[in-house]
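Participant: Turn this into a model:
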Amino acid sequence: PDCSFASPRATLAAHEASCEFRLVDCEHCQQPVRFLDMTNHVADCLTLETGCPNSCGASLQRKDLAEHRSLCPNESVACPFQVHGCSATVQRKDFAS
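Facilitator: Predicted coordinates for the structure are as follows:
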């Protein structure tokens, strides 16, 4: 629901500047979001910068994380001999050695 605050016209501008229902731009994706929803939005915002969870040093947007993990040298991957019973997992970069 939208704001149902009723006030004299003289105080309306002050209320609009602090109303929880006012629209503010997300600092990451620049999309308008209600102020009261901003915390939840940022928790899911796909353009938020994040570091690689595998500590490879890459900085990327959340929306690019899946693609990065498919190439990340520090991603744990199954041994290519898993089809023959090997259950080891190693970092992608260690396959070359």
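Participant: Least confident secondary structure element in this protein?
Facilitator: helix 9-18 (a mean of 86; mean pLDDT, DSSP states H and E).
Participant: ok, residues contacting that one?
Facilitator: With CB atoms under 8 Å, 6 or more residues apart in numbering as the test, helix 9-18 has contacts from 5, 7, 22. For the C-beta atoms, the positions are set from N, CA and C on the backbone; glycine is no exception.
Participant: Which SSE is immediately downstream of it?
Facilitator: Per DSSP states H and E, the first helix or strand lying C-terminal to helix 9-18 is strand 23-25.
Participant: so what strands line up beside that following strand?
Facilitator: Here strand 23-25 has these sheet partners by DSSP bridges: strand 32-34 (antiparallel).
Participant: List the buried residues of the very next helix or strand once past the strand it pairs with.
Facilitator: Sequence order places helix 38-44 as the next helix or strand after strand 32-34, per DSSP H and E. By neighbour count with 16 or more other CB atoms under 10 Å, helix 38-44 contains the buried residues 38, 41.
Participant: for stretch 4-16, same thing?
Facilitator: Buried residues in stretch 4-16 (16+ other CB under 10 Å): none.
Participant: can you pull the contacts of residue 62?
Facilitator: Taking CB under 8 Å, 6+ apart as the test, what residue 62 contacts is 45, 46, 47, 48, 50.
Participant: repeat that for 10 Å
Facilitator: By CB atoms under 10 Å, 6 or more residues apart in numbering, the contact set of residue 62 is 28, 44, 45, 46, 47, 48, 49, 50.
Participant: Mind checking which of those land in strands?
Facilitator: Counted as lying in strands by DSSP state E, out of those, are 49, 50.
Participant: Most neighbours out of the contacts of residue 62, which is it?
Facilitator: residue 45 (19 neighbours; other CB atoms under 10 Å).
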